[in-house]
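**Q** Here is my input, please return the structure:
(one chain, ligands or ions: 1)
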Amino acid sequence: MSHFCGVNDSYPVSPPRAWAEIDLAALRKNLEHARHASGGELMLVVKAGAYGHGLEEVAKAMASQQIAFFGVANVGEARRIRSAGVETPIYLLGPTWAGEREEIVARDWTACLSSVEEAEHFDRLAAAAGKRIKVHLAVDTGMGRGGFLVGQIPGLMGSLERLEHLEIEGVGSHLPSADEDPDFTRTQIETYHGIIVELGGAERFKWRHLLNSAGLLGYERGVCNLARPGLMLYGVSPLPGYQQQLANVMTLKSRITLLRTLPAGHGVSYGRQFVTTRPTRVATVGIGYGDGYPRHVSGQAADVWIAGRRCPILGRVTMDQIMVDVTAAGDVAEGDEVEMIGANIPVAEIAEKAGTIPWEIFTGITPRVLRCYFG
Ligand SMILES: *Cc1c(COP(=O)(O)O)cnc(C)c1O
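**A** Residues are numbered from 1 along each chain as shown. Next comes the predicted model:
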């Protein structure tokens, strides 16, 4: 099934060279799976353009799904969600700069705090705006990226209580290695629980959140009542053994732009690292690293999917084009669709061959790639 939607108005015979078909029904299905697995409520992590799936489109499509927050990386992403007409609460996952806080207070976005100075600044701004704002405490239980350190927890609530314009409605922390180190992660979950107790107990905070996708899929939620899934919503499990439970969301596609037969002994692509050993039917395909398809898969035996079968990439990935061996693919023609990443060619496989992670492949897909939505 093709969901091609990129026909150019003036010259309708010129489709885009590369596009991503995004299945919103699959996204909703993964969301329901996350909700079920969490046993609580969800913050949908939509930072970095919803992991390359399109921030506004994903936020609009998911706004009606009864989620507690959208999680974004920065104020710019928060603005884009609001400009798209979406009113769901927004949580800023990272630290805020002083100059951004007036807008955060004015627009009721939820910040997480890493220091008492930050809390005092928010309190002053809220007082000036004549309101009481909701904030969360970030606690660093092992990520080393932000939050109060465990040693700062004793007495913390005492020093924050005098800030009358802040309502501390949540406590969050982050797991650095839920997909790599179960022992550390279990200890971290206990540490988090201990911190909640030390801060006054679970009932004191409306939101307690620690689990990302790997945490949500692989661990007990304990004292948490809000999970922050990202990757799993987009159909990829960071832990082995859960992939079949998730539905594929994005299919990155291109087309054959040229078909030729090269004789034996002919080099293919830059550096001539691949040389044919027999007459080879070679398809040139209109996608490259300029679209975010990773150049690092060059020479790593990566495949694409054409007409129901895997075909190997030959030589290096170039900026706008790749070459594929279609000798065994039977009846293929110029203009035929090629799946680069999707249900048949998992993003995790391409990421591994490129020496990276699915998160980076998704977020690396460039604006040149048209995003098409269905479902
Ligand atoms: C990105 C992020 C998440 C989502 O992580 P996934 O592994 O994609 O599920 C959750 N929490 C925080 C703080 C993040 O920065």
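
**Q** What is the burial count for the residue in the stretch 101-250 of the chain that the ligand sits nearest to?
**A** Residue nearest to the ligand within the stretch 101-250 of the chain: G230 (2.6 Å; Cβ to the nearest ligand atom). For the C-beta atoms, the positions are set from N, CA and C on the backbone; glycine is no exception. Number of residues near G230 (other Cβ atoms under 10 Å) recorded here: 23.

**Q** residues contacting the nearest residue to it once chain neighbours are set aside?
**A** Once flanking residues are discounted, G230 sits nearest to V45: 3.5 Å by Cβ to Cβ, 6 or more residues apart in numbering. Counting by Cβ atoms under 8 Å, 6 or more residues apart in numbering, V45 makes contact with 51, 70-71, 93, 212, 228-230, 233.

**Q** Now, those residues that are in helices?
**A** Y51 (DSSP state H).

**Q** Any figure for the gap between G215 and S173?
**A** 10 Å (Cβ to Cβ, to the nearest Å).

**Q** ok, now A84?
**A** Taking Cβ to Cβ, one finds A84 at 30 Å from S173.

**Q** How about Q65?
**A** Applying Cβ to Cβ, the value for Q65 to S173 is 25 Å.

**Q** Looking at those two, which is more packed in?
**A** Per other Cβ under 10 Å, whichever of Q65 and S173 has more neighbours is S173, with 27 against 14.

**Q** Now do the phi/psi pair for that one.
**A** Dihedral pair for S173: phi -150, psi 170, per degrees, to the nearest 10.

**Q** For it, give me its contacts.
**A** Residues in contact with S173 (Cβ under 8 Å, 6+ apart) are 138-141, 143, 147, 188, 192, 195, 209-210.

**Q** how many other residues sit next to L226?
**A** The local packing of L226 (other Cβ under 10 Å) involves 24 other residues.

**Q** from memory it sits against W207, does it?
**A** Yes. With contact defined as Cβ atoms under 8 Å, L226 reaches W207; the gap is 4.7 Å.

**Q** what sits against R371?
**A** R371 makes contact with 19-20, 22, 53-54, 57, according to Cβ under 8 Å, 6+ apart.

**Q** which residue ranges form the helices in this protein?
**A** In the chain, the helices defined using DSSP H lie at 24-38, 47-52, 55-62, 75-83, 101-106, 116-128, 156-161, 182-198, 213-218, 347-353, 358-363.

**Q** Please state the offset of the last one from the chain centre?
**A** Spelled out, that is helix 358-363. Centroid displacement of helix 358-363 relative to its chain, using Cα atoms, centre = their mean, to the nearest Å, is 7 Å.

**Q** just stretch 67-81 next, same as before
**A** 13 Å.

**Q** what's it in contact with?
**A** 31, 41-48, 55-56, 59, 62, 86, 88-94, 96, 100, 103-104, 107, 109-110, 207, 226, 228, 230.

**Q** Generate a PyMOL selection restricted to the buried subset of those residues.
**A** Buried residues among these (16 or more other Cβ atoms under 10 Å), as a PyMOL selection:
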select buried, resi 31+41+42+43+44+45+46+47+48+55+56+59+62+86+88+90+91+92+93+96+100+104+109+110+207+226+228+230
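
**Q** so where's the chain shaky on pLDDT?
**A** 1-14 (pLDDT under 70).

**Q** just to revisit the earlier point, show me what contacts the residue of the stretch 101-250 of the chain closest to the ligand?
**A** Going by Cβ under 8 Å, 6+ apart, G230 touches 45, 47, 51, 71, 212-213, 359.

**Q** For those residues, pick the one with the most neighbours.
**A** Neighbour counts for the contacts of G230 peak at S213, which has 29 neighbours (criterion: other Cβ under 10 Å).
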